[in-house]
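> Let's see this in three dimensions:
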Amino acid sequence: MPIEILTISEWIGVSKKDTVVENPTWEEVEGAVRALNNRNLNDLYLQPARQDPETFLCIGGGDGRYLVSGSIGNEEFPTVVDPAKPSDVVEHLVVGGQTGDYAGNWIVDLETALRAARSFFESGDFGGDVQWERV
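Below is the predicted model:
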C-alpha cells in the first residue's frame, strides 16, 4: 500500500507552511526525513489514504534525534521506542513547531526513524523491525 500524501511542515515562528507531496516516492520520503533539523523543519506526516486523515505516521525532531509516532483512527497512538534507553529520563525535542518534553526511550536515531518510515511507507501500518509502544 503506497503512501498517498507526504506533508512536510516548515515553521516560521508560530506559523507554518505545509508542502504536500501526493504519491511520494521512497526517495522523497527519505529526503524529507533526512532534512528534519529540529528547528524550522521539525515534523512531517505520511498518510496512507486520503479518505482517512486520522491514520498517519509523524516523524518529528531532526538533526540525529527523532520522535516517530502516529495515529490509527485517532484512537491508538503507536510510538517507536528504544528499549536500550530509560523511559524516566526527559529529553527535549522540537516537534510541531514547539519544544516538548519526551520520554528518553521515545527519542530514536536516524537509522531507526528511517526503518520505521520505510516500513510504514511500504505497508501503511505500524510494524517492521522497530519496537512500537501503544500510548
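
> C-alpha from now on. contacts and neighbour counts both.
Fine.

> Ramachandran angles for Val29?
Main-chain dihedrals, Val29, degrees, to the nearest 10: phi -60, psi -50.

> quick one: contacts for it?
Residues in contact with Val29, defined by CA atoms under 8 Å, 6 or more residues apart in numbering, are Leu6, Ala117.

> can you do 6 Å?
For Val29, no contacting residues are found, by CA atoms under 6 Å, 6 or more residues apart in numbering.

> Ile59 now?
For Ile59, the contact set (CA under 6 Å, 6+ apart) comprises Asp43, Leu44, Leu67, Val68.

> Identify all contacting residues around the longest helix anywhere in the chain.
What stands out as the longest helix in the chain, according to DSSP state H, is helix 110-123. Helix 110-123 is contacted from outside by Met1, Pro2, Ile3, Gly64, Gly128, using CA under 6 Å, 6+ apart.

> Mark which of the residues you listed are buried, thanks.
Taking 16 or more other CA atoms under 10 Å as the criterion, what is buried in the contacts of helix 110-123 is Pro2, Ile3.
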